[in-house]
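Peer 1: Build me a model from this:
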Amino acid sequence: MAESVRRLLGKPGAVDLRPYTKLLSAIEDREADLRELDDSELTEAAIELGNAELPYERDDLVSLCAVGREAARRALDERPFDVQLLGVMSLLDGHVAEMATGEGKTLAGALAAAGFALRGRRVHLVSVNDYLAKRDAEWMRPLYDLLGVTVGWINEDSTPAERREAYTCDVTYAAVTELGFDVLRDRMVTDVDDRVVPPPSIAIVDEADSVLVDEARVPLVLAGAAESQVGDVEMADIVRHLRPRLHYTVDAEGRNVQLTDDGIDAVEKALGGVDLYSEDDTSILPQVNLALHAHALLQRDVHYVVRDGEVRLINESRGRIALLQRWPDGLQAAVEAKEKVEVSETGEVLDSITVQSLILRYPKRAGMTGTAMAVAEQLREFYELEVAVIPSNKPNVREDHGTRLYATREEKEDALVAKVAEIHETGRPILIGTQDVAESELLAGRLTEAGLECVVLNAKNDADEASIIAEAGTHGAVTVSTQMAGRGTDIRLGGSDMADRDRVVEAGGLFVVGYGRYPSSRLDGQLRGRAGRQGDPGDSLFFVSMDDDLIVNNAPESTGYTTSADGEITDEGWLAMVDHAQRVAEGQLLEVHRNTWRYNQLIDVQRDVVLEHREMVLTGDQGDRHVAADRAERHAELVEELDEERVARAARLITLFHLDRGWTDHNAFLAELREGIYLRYLGRRDPLDEFNREAVPVFKGFLDGARRRAAESFDELEVVDGELDVSTVGVKRPSMTWTYMVHDQPFSSALETFVGRLKGSPSRS
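Peer 2: As a prediction, this is how the structure comes out:
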């Protein structure tokens with residue numbers, strides 16, 4: 001009834017599990033008979049399930065779960081719990097299964113993937129990183145083998161041949177970034193045989209909230225060799241000497257920075273007396289703004305680290321190095337100039353794709369994570385996915401002690417260190433969650449000063465992640481970590497030592513401490529969820545101060561409270577304010593996601609038109625037919641001199657080149673349009689409407705223009721040594737390409753930054 005009401009109101013809610021629960025007894029009834037089968041007979045029983053189409057009917061679903069349970073018992077020595085089978089059935093129905101940490105999502109996902117594969121569907125099991133893709137594929141391989149299903153995996157180092165082979169498997173594990181980059185590269189091939197990714201069918205997304213929500217704000221980019229943008233070291237040196245509040249101001253949210261009158265004078269003097277607002281040279285002010293943004297708003301060890309002479313961005317949702325991720329090119333170069341490292345190549349954007357567009361390519365989608373209900377609205381709005389909340393196998397006995405609020409960060413740290421010392425005396429392992437590298441190192445220093453030895457896990461040493469987490473549950477361990485989301489490794493009490501486990505359990509289990517609340521309640525929940533795994537005892541407690549970024553940025557008018565002697569604020573109203581600030585932050589993140597999607601919807605429509613036309617050229621004879629119609633005489637001459645096959649190939653290459661070149665140029669136009677669209681905001685016009693209004697007519701002549709240029713190039717073709725050399729008419733692919741992710745938030749913080757800068761800039765007479 002409650003679910004019916006939620007659907008009537010259009011509100012997301014948990015999927016009704018009763019239809020699945022009713023099958024559990026029938027699945028168990030099959031168990032004894034299946035144990036009598038030898039391995040080959042069990043494999044045959046699995047293969048027989050492929051003699052029907054999706055979806056699974058009741059009897060076949062019972063058979064699949066029963067066979068899968070027995071196969072897991074034999075291959076992995078793990079008999080799936082009933083709740084894991086509920087997760088399997090939820091995934092097969094195309095839902096997001098919310099399963100708590102330690103409840104066996106990896107096995108549930110593998111059984112669901114096998115279920116789809118046995119019905120003839122190719123499955124991509126999408127992970128958050130390369131490590132988990134390889135680990136889970138190899139871990140589950142014996143299960144897949146016993147079920148008669150092939151499995152492969154790809155990572156950043158996989159060669160084209162290795163990728164092609166992995167994609168031919170029934171189930172392919174891959175990081176979402178690698179899938180996206182392969183799709184982008186496939187869109188640029190000039191020969192069908194060079195493609196590696198098969199047509200999309202089924203996607204099962206692990207850590208679904210991280211991939212589908214957090215990563216959805218970060219486009220994946222394919223770039224080609226071109227003139228690189230150079231960071232201005234001189235400009236970086238100039239802004240480095242500017243003083244906050246005197247020469248520039250930063251708004252309360254830390255998103256906008258702008259020069260004061262004194263700052264403008266200082267910069268103009270340092271540059272030899274130029275006029276920053278001169279119409280004769282409009283290139284100087286953007287360089288100053290980029291350098292100032294890099295200097296004032298982007299902090300080392302918070303937003304990025306410098307490793308091996310390179311600026312590496314930190315993934316804010318997972319607290320680890322964001323491989324291949326970078327800011328939009330000018331800002332990336334400005335940060336590299338600020339840090340005095342070599343400016344990396346950027347080139348020109350050939351194409352891009354958002355994670356949302358990538359996943360929506362799949363006709364059927366499902367996912368699993370420990371914290372789905374917190375983003376149920378977004379999963380429904382953007383992916384048409386409902387959440388199935390799977391109960392835990394054992395009751396959760398963890399005690400969550402809420403939040404302690406303090407007036408200042410120093411008082412918060414004093415209280416936190418005192419609490420850690422108190423708990424440490426009992427021998428209980430302690431996990432302290434922080435939000436960035438700087439916080440983790442600062443807190444580790446405070447703990448060391450107090451005589452508390454600790455191990456730090458952050459973006460600087462994430463290569464040691466598995467070994468650090470493996471020891472985090474041992475007696476007396478103190479671990480300080482940045483984001484725990486997507487770590488993929490459970491903290492087991494006592495590690496592998498059963499005697500130590502008993503000691504830790506008796507002491508009370510893992511104690512989780514939060515050094516501040518996160519901008520999302522999901523991240524709070526993911527940190528808490530590290531304790532209380534599979535019915536283990538555990539506790540959680542968060543410490544917050546009034547000058548934490550969450551409070552300052554989202555509840556800035558918070559004054560008038562009273563404190564105890566140690567600075568603690570105990571009034572329930574102020575504690576509720578912390579929850580309010582978090583909800584405000586979540587609302588802002590949701591709006592960023594919506595704006596990213598709205599902005600890319602038009603681009604996706606235009607891209608689909610180009611790709612449909614490109615496919616007809618690549619796989620058919622459309623390019624040849626068009627040039628034969630447009631340049632009939634020249635086409636006939638070349639066919640007579642050579643042959644139809646070679647002429648058709650040249651026509652294909654020329655047509656593909658002009659389609660790709662045109663799309664690259666159109667992308668550049670859209671990027672420039674978006675960067676300047678903030679000016680419409682000042683005229684009280686909706687920037688998104690204005691963007692669409694200008695982008696649509698420009699695209700109308702795209703295909704005709706590409707066809708015309710192809711005909712012109714074909715007309716100039718020459719025969720060189722008995723062959724048609726398309727390079728003589730400028731048809732040349734990029735000498736090299738590379739992939740990265742653009743850390744960008746269209747129409748949100750970027751827009752606010754520009755608008756804030758314009759509103760705050762003093763007028764020049």
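Peer 1: which stretches of the stretch 201-350 of the chain have low pLDDT?
Peer 2: Residues of the stretch 201-350 of the chain meeting the criterion pLDDT under 70: 226-231, 252-255, 315-320, 322-325, 328-329, 345-346.
Peer 1: Check the stretch 601-750 of the chain too.
Peer 2: 675-684, 743-750.
Peer 1: Run through the stretch 401-550 of the chain and note the low-pLDDT ranges.
Peer 2: For the stretch 401-550 of the chain (pLDDT under 70), the answer is 459-464, 466, 483-489.
Peer 1: distance between the helix or strand containing L431 and the chain's centre?
Peer 2: For L431, the host element (DSSP states H and E) is strand 430-433. Distance, stretch centre to chain centre, for strand 430-433: 24 Å (C-alpha atoms, centre = their mean, to the nearest Å).
Peer 1: And whatever helix or strand comes next after it, what does it pack against?
Peer 2: Downstream of strand 430-433, the next assigned helix or strand under DSSP H and E is helix 437-449. On a contact count with 3 or more C-beta pairs under 8 Å, 6 or more residues apart in numbering; DSSP states H and E, helix 437-449 meets helix 409-424, strand 455-457, strand 478-481. The way it works is simple: take the backbone N, C-alpha and C, and place the C-beta from them, glycine included.
Peer 1: Could you rerun that using 10 Å?
Peer 2: Applying 3 or more C-beta pairs under 10 Å, 6 or more residues apart in numbering; DSSP states H and E, one finds that helix 437-449 contacts strand 304-307, helix 409-424, strand 430-433, strand 455-457, strand 478-481, strand 510-515.
Peer 1: Go through that helix and flag the buried ones.
Peer 2: Under the neighbour-count criterion of 16 or more other C-beta atoms under 10 Å, helix 437-449 has 437-440, 442-444, 446-447 buried.
Peer 1: how far does the longest helix belonging to the chain sit from the chain's center?
Peer 2: In the chain, with assignment by DSSP state H, the single longest helix is helix 572-619. Relative to its chain's centre, helix 572-619 lies at 12 Å (C-alpha atoms, centre = their mean).
Peer 1: could you give the angle of the helix or strand just after it to helix 572-619?
Peer 2: Using DSSP H and E, the helix or strand that follows helix 572-619 in sequence is helix 622-630. Computed by axes from the mean of the first three to the mean of the last three C-alpha atoms, to 10 degrees, the angle separating helix 622-630 from helix 572-619 equals 60 degrees.
Peer 1: quick one: the following helix or strand past helix 622-630 to helix 622-630, angle?
Peer 2: Moving toward the C-terminus from helix 622-630, the next helix or strand (DSSP H and E) is helix 632-641. Orientation check (the same axes, to 10 degrees): helix 632-641 against helix 622-630 gives 120 degrees.
Peer 1: Next SSE downstream of helix 632-641?
Peer 2: Counting by DSSP H and E, the next helix or strand C-terminal to helix 632-641 is helix 644-676.
Peer 1: buried set for that next one?
Peer 2: Those would be 646-664, 666-667, 670-671, 674-675, for helix 644-676 by 16+ other C-beta under 10 Å.
Peer 1: Let me know the angle separating it from helix 622-630.
Peer 2: 100 degrees.
Peer 1: and helix 644-676, how far out from the chain's middle?
Peer 2: 28 Å.
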